[in-house]
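S.K.: Fold the following for me, if possible:
(2 chains)
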Amino acid sequence: MKFKPQQPPHIFHTDSNCSIMGDVLITTVCLYFMAFYYYGIRSLLIGLTAVVACCLSQMLYMTLMGKKDEISLRDWSPIVTGMIISLMLPASIPFSAVIIICMFAILVAKAPFGRTGENLFNPAAAGIAFGVVCWGPQMFSYPQPMHSLPLIIDESVRLVSNPSSMLKLGGIPPYTFSEVIFGNVPGPMGATNILVITACLIFLLCRGTVRWHQPAAFIAVCTVFAFLFPRISYSRGQSVLFELFSGSLMFAAVFMLNDPVTSPKREIGRLMYGAAAGFITMLARYFGSFPQGACFAILLVNSMCLLFDIFSEKIYTMKRRELREFKFTFGKAIR
Amino acid sequence: MFERHSQGVYLVQNKEPAFSRDILTFVNNKIVSESFFKAPENVDELTADEIIEIARTAEIVDERDGRALYKKLIKAKGKFSRIVMDAMDDEPYVSSQMAPMFHLADEATGGLKLLAKVFNNSETVIFVYKNLNDLNINIPKIINDIPVEGVGGRYPIEHGALLNIRSDDLVIGACALIHLYRAVTQGRKQTTCFVTVSGDCIANPRNLEVSKGMSVDSIMERCGLIDIPQKVIVGGPMTGTSVIDTETTKVTTTTRAIIVMKHDNKNVPTICIGCGRCVECCPVNLSPMHIYKAAKRNFYNHLKMMDYYKCIGCGTCSYVCPAKLDLSNTIYALTERFESNEND
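M.R.: The predicted model follows:
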């Protein structure tokens, strides 16, 4: 018998790129159930629009650049981007805005950098940041939950502001603990259901798709910051509760911070990355002009990702060579 | 301590049913009958030099590293305080050291005791791989008065990166000790070796004792095929080489297993998404994905910083890679490429 020569190893782990993306897709679908429950059919239509816009713009770009072999959406990453973007938007956003945000995410933040896995910034965070800058009023006025929305938003729909905007203005949000936990507060479509998001995080951790380092460091830094410098004069516990669970902080911690492409690879780097993201998020919340700063913070730390990688690589180089002194030569490494 | 936990991978050990079944002999009788020499008359009064001489006459090769046993003994003479019998088969399917150790326990421990006695009564210990959760097997604590130490953990144990073998240990494979015992007591040269024949396509997975120089084809026929194979591997599934022609490939002393697989992996290499699993599992703390990217672009300075030459070629990074990239071969090939450049 004669066979083709093959390289070892001859057995492989069952996980593939598709299964990693599939895990994230499954969790986002769970969040869509909650969005449908609170806001009706319009939320599903926004999600569909976002996914279709992302996929089409990816295919458009690849066709224009002549990379015909990469047109197929085999790795599902544009679908994941579309799902995450639409969950960060309010249910009352106009459809045209959704399409433009998705096109920005793919055509500007992802595709020009190369293939999947080579982008520098998280496309979903870039798209949301673009949306916040361009559609500020629409992005921060949310419909009341438990009211089914009409397809076309007119003046009959009552739009209110989010607890994080109230914190920004110095007020105390009039919501109880259970309302905040179950997501029964106005906010982005999928980002308010804290219980479901936590369940998603536990699922992803158990599957091994994400590691605990980034979300743990991120949430820990945010908690400490909110505890030490409360914006509400009522109590420190209330401050921590509303800082963490209002707005899109938890959603960003689970779905944007853990993007494998734009996060460091070593444990030390991941901890530093999460801590830096948390610190910048809280600074953006306190001193920035927008009520939520998670996506801007994530874009900022994305650009520092290489720095964390080189730093942790230097530590491990020292460990491998059993050196005692630590040399951090940034210029030489980056060349 | 914490980082040690995150290195290596747990593999599903498909050792059954080959492991628990008896070892069959499948030898060329002519070669065996011609390969006897004069055995020493008084086994109890042998000295170290005589044992080394016997190992040399019997042409015993240690199946762990493919070195001749007498050379190992001469080199280590007087420098070790403990003899370790290596019965660790950490790769899936392979049980060609553990099965002889359990089924031919008298011969294996006899060889070990002989060595221990002539080399200053040094301590002895048997190292056995213990993560056999899918098998209903209890590893005994003591076999013939020799303590057994279970070695557990993630995959690349045998490479020594994760195993705490002391610097003054002499590690000898179980099969080499069996052959040494036979040479001393019966005067037999080593003409056979122990091979696990297993895989999806094999009808009777077994451990066989086969003659050296037999073709892979005849061994496959001996155990029977139940399906048309698409891949034949000599060695373990993680580090073994695939066979191109089964008739011309012969069994040597370092052949540990012949694995015949049905499913051809349709794992097409895709794109690295930077999940960092290869970095987490590397047993020597390399970062394979960065080395791979630098190698593809020929960035020699980056490679130097990342210590690519420390790669042991265990294949763990290729195993876990969700994009199915050929990481370990690329990195291991670099070591040869750049070493030859630097020597010029």
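S.K.: Could you list the low-confidence segments of the stretch 201-344 of chain B?
M.R.: Counting by pLDDT under 70, the ranges of the stretch 201-344 of chain B that qualify are B:264-266, B:338-344.
S.K.: Tell me which residue in it sits closest to chain A.
M.R.: B:Gly276 (3.5 Å; Cβ to the nearest Cβ). Every residue, glycine included, has its C-beta placed from N, CA and C.
S.K.: from what I can see that residue touches A:Lys265, true?
M.R.: Yes: counting by Cβ atoms under 8 Å, A:Lys265 is a contact partner of B:Gly276 at 3.5 Å.
S.K.: Of those two, give the one with the bigger neighbour count.
M.R.: More crowded of B:Gly276 and A:Lys265, by other Cβ atoms under 10 Å in any protein chain shown: A:Lys265, with 24 against 21.
S.K.: List the residues that contact the nearest residue to B:Val232 once chain neighbours are set aside.
M.R.: Take B:Val232 and drop its neighbours on the chain: the residue closest to it by Cβ to Cβ, 6 or more residues apart in numbering or on different chains is B:Val243, 4.3 Å away. B:Val243 sits next to A:Phe3, B:Val216, B:Val232, B:Ile233, B:Val234, B:Thr249 when contact means Cβ atoms under 8 Å, 6 or more residues apart in numbering or on different chains.
S.K.: for stretch B:118-130, what is the average pLDDT?
M.R.: For stretch B:118-130, mean pLDDT rounds to 83.
S.K.: Which residue ranges of the stretch 151-300 of chain A form strands?
M.R.: In the stretch 151-300 of chain A, the strands defined using DSSP state E, counting those that start in this stretch lie at A:159-160.
S.K.: So which bits of it are right by chain B?
M.R.: Where the stretch 151-300 of chain A comes near chain B, counting by Cβ under 8 Å from any Cβ of the partner chain, the residues are A:Arg211, A:Pro260, A:Val261, A:Thr262, A:Ser263, A:Pro264, A:Lys265, A:Arg266, A:Glu267.
S.K.: how about 10 Å then?
M.R.: Neighbours of chain B within the stretch 151-300 of chain A, by Cβ under 10 Å from any Cβ of the partner chain: A:208-211, A:259-270.
S.K.: Please spell out which residues along stretch A:180-200 are buried.
M.R.: For stretch A:180-200, the neighbour count (16 or more other Cβ atoms under 10 Å in any protein chain shown) marks A:180-194, A:196-197, A:200 as buried.
S.K.: Mean confidence (pLDDT) on stretch A:39-56, please.
M.R.: 92.
S.K.: so what's the closest residue to chain A within the stretch 1-150 of chain B scoring on pLDDT?
M.R.: Proximity of the stretch 1-150 of chain B to chain A (Cβ to the nearest Cβ) peaks at B:Pro92, 6.7 Å away. Confidence at B:Pro92, expressed as pLDDT, is 87.
S.K.: contacting residues around B:His31?
M.R.: That one is not His; residue B:31 is Ile. B:Lys189, B:Thr191, B:Thr192, B:Ser211, B:Lys212, B:Gly213, B:Met214 (Cβ atoms under 10 Å, 6 or more residues apart in numbering or on different chains).
S.K.: give me the low-pLDDT residue ranges for the stretch 1-150 of chain A?
M.R.: A:69-72.
S.K.: which bits of it sit near chain B?
M.R.: Near chain B, the residues belonging to the stretch 1-150 of chain A are A:1-21, A:70, A:74-75, A:77, A:114-119 when assessed by Cβ under 10 Å from any Cβ.
S.K.: Can you tell me the closest non-neighbouring residue to B:Ala225?
M.R.: If you look again at residue B:225, you'll see it is Leu, not Ala. B:Leu225 sits nearest to B:Cys201 (Cβ to Cβ, 6+ apart), 5.3 Å away.
S.K.: what about the one you found, how many neighbours?
M.R.: Neighbours of B:Cys201 under the rule other Cβ under 10 Å: 21.
S.K.: Next, the contact list for it, please.
M.R.: Residues near B:Cys201 by Cβ under 10 Å, 6+ apart: B:220, B:223-232, B:259-263.
S.K.: Give me the subset of those that lies in strands.
M.R.: Mapping the contacts of B:Cys201 onto strands (DSSP state E) picks out B:Lys231, B:Val232, B:Ile259, B:Val260, B:Met261.
S.K.: measure the residue nearest to B:Leu225 to B:Tyr308 for me?
M.R.: Distance, B:Cys201 to B:Tyr308, by Cβ to Cβ, to the nearest Å: 37 Å.
S.K.: picking that back up, any chance of a ChimeraX selection covering the buried ones in the contacts of B:Cys201?
M.R.: Entered in ChimeraX, the line below selects the buried ones among the contacts of B:Cys201, by 16+ other Cβ under 10 Å:
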select /B:220,223,225,229,230,231,232,259,260,261
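S.K.: which residues of the stretch 101-250 of chain A fall in helices?
M.R.: Using DSSP state H, counting those that start in this stretch, the helices of the stretch 101-250 of chain A run over A:123-134, A:136-139, A:163-169, A:177-182, A:194-207, A:213-228, A:236-245, A:249-251.
S.K.: list the helices and strands the fifth one packs on?
M.R.: Looking back up the chat, that one is helix A:194-207. helix A:17-39, helix A:177-182, helix A:213-228, helix A:236-245, helix A:249-251 (3 or more Cβ pairs under 10 Å, 6 or more residues apart in numbering or on different chains; DSSP states H and E).
S.K.: now those in a markdown table, with distance to B:Tyr10?
M.R.: A markdown table is the format used below for the helices and strands packed on helix A:194-207 (distance: least, Cβ to Cβ, whole Å):
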| stretch | distance to B:Tyr10 |
| --- | --- |
| helix A:17-39 | 18 |
| helix A:177-182 | 36 |
| helix A:213-228 | 21 |
| helix A:236-245 | 35 |
| helix A:249-251 | 32 |
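S.K.: count of residues packed around the closest residue to B:Phe19 other than its chain neighbours?
M.R.: Excluding the flanking residues, the one nearest B:Phe19 by Cβ to Cβ, 6+ apart is B:Ser95, at 4.1 Å. B:Ser95: 31 surrounding residues under other Cβ under 10 Å.
S.K.: same deal with B:Arg56?
M.R.: If you count neighbours by other Cβ under 10 Å, B:Arg56 ends up with 16.
S.K.: Kindly confirm my reading that it forms part of a helix.
M.R.: Yes: checked against DSSP: H, G, I helix; E, B strand; the rest coil, B:Arg56 lies within a helix.
S.K.: Just the buried positions in stretch B:96-110, please.
M.R.: Result for stretch B:96-110 [16+ other Cβ under 10 Å]: buried residues B:96-105, B:107-110.
S.K.: In JSON lines, list those residues along with pLDDT, secondary structure and distance to A:Arg42.
M.R.: Shown next, in JSON lines, are those (pLDDT from 0 to 100; DSSP: H, G, I helix; E, B strand; the rest coil; distance: Cβ to Cβ, whole Å):
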{"residue": "B:Ser96", "pLDDT": "89", "secondary structure": "coil", "distance to A:Arg42": "65"}
{"residue": "B:Gln97", "pLDDT": "89", "secondary structure": "coil", "distance to A:Arg42": "65"}
{"residue": "B:Met98", "pLDDT": "88", "secondary structure": "helix", "distance to A:Arg42": "63"}
{"residue": "B:Ala99", "pLDDT": "89", "secondary structure": "helix", "distance to A:Arg42": "65"}
{"residue": "B:Pro100", "pLDDT": "89", "secondary structure": "helix", "distance to A:Arg42": "70"}
{"residue": "B:Met101", "pLDDT": "89", "secondary structure": "helix", "distance to A:Arg42": "68"}
{"residue": "B:Phe102", "pLDDT": "88", "secondary structure": "helix", "distance to A:Arg42": "67"}
{"residue": "B:His103", "pLDDT": "89", "secondary structure": "helix", "distance to A:Arg42": "70"}
{"residue": "B:Leu104", "pLDDT": "89", "secondary structure": "coil", "distance to A:Arg42": "74"}
{"residue": "B:Ala105", "pLDDT": "88", "secondary structure": "helix", "distance to A:Arg42": "73"}
{"residue": "B:Glu107", "pLDDT": "89", "secondary structure": "helix", "distance to A:Arg42": "78"}
{"residue": "B:Ala108", "pLDDT": "89", "secondary structure": "helix", "distance to A:Arg42": "74"}
{"residue": "B:Thr109", "pLDDT": "90", "secondary structure": "helix", "distance to A:Arg42": "76"}
{"residue": "B:Gly110", "pLDDT": "89", "secondary structure": "helix", "distance to A:Arg42": "80"}
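S.K.: Many thanks, have a good one.
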